[in-house]
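1. I would like to see how this sequence folds:
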Amino acid sequence: MDQTTARIARYVTSLKFEDLDAGAIREARNRFIDAIGCAIGGSASDTTTVARTLASSSSGSPCARLLCSGEATSMEIGRASCRERV
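-> Reported below is the predicted structural model:
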């Protein structure tokens, strides 16, 4: 890990909710709501349908649930879909 990444990681892991001002909390809430809205809006697209079909063909224990459909998949596929924004 380079110095910049390490410094950011230390800052983020030591940050407490009380350290955030009202503007930061408002913006974080807005970004979260925006991300959920994008996920819901894109959940019926052709690309997402293909990815969901692929993901639901994989299973594991414990399982992960796909956002919007609730279909079960493996934890590995669940993590990969978050990383790749599938």
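2. quick one: average confidence on whichever strand or helix holds R7?
-> Assigned by DSSP states H and E, R7 belongs to helix 3-14. Throughout helix 3-14, pLDDT has a mean value of 95.
3. what do you get for stretch 21-35?
-> Mean pLDDT, computed over stretch 21-35, is 96.
4. At which residues are the helices of the protein located?
-> Ranges of helices within the chain are 3-14, 22-42, 46-56, 75-84, based on DSSP state H.
5. and A64, which of these is closest to it?
-> helix 75-84 (2.9 Å; C-beta to C-beta). Where C-beta positions appear, they are placed from N, C-alpha and C, glycine not excepted.
6. Of the helices of the chain, which is nearest L67?
-> Comparing the helices of the chain by C-beta to C-beta, helix 22-42 comes nearest, at 5.4 Å.
7. relative to helix 46-56, how tilted is that closest one?
-> Angle, helix 22-42 to helix 46-56, by axes from the mean of the first three to the mean of the last three C-alpha atoms, to 10 degrees: 90 degrees.
8. Of the helices of the chain, which is nearest C63?
-> Checking the helices of the chain against C63 by C-beta to C-beta gives helix 75-84 as the closest, at 7.2 Å.
9. which non-adjacent residue is nearest T73?
-> Excluding its sequence neighbours, the residue lying closest to T73 (C-beta to C-beta, 6 or more residues apart in numbering) is A55, at 4.3 Å.
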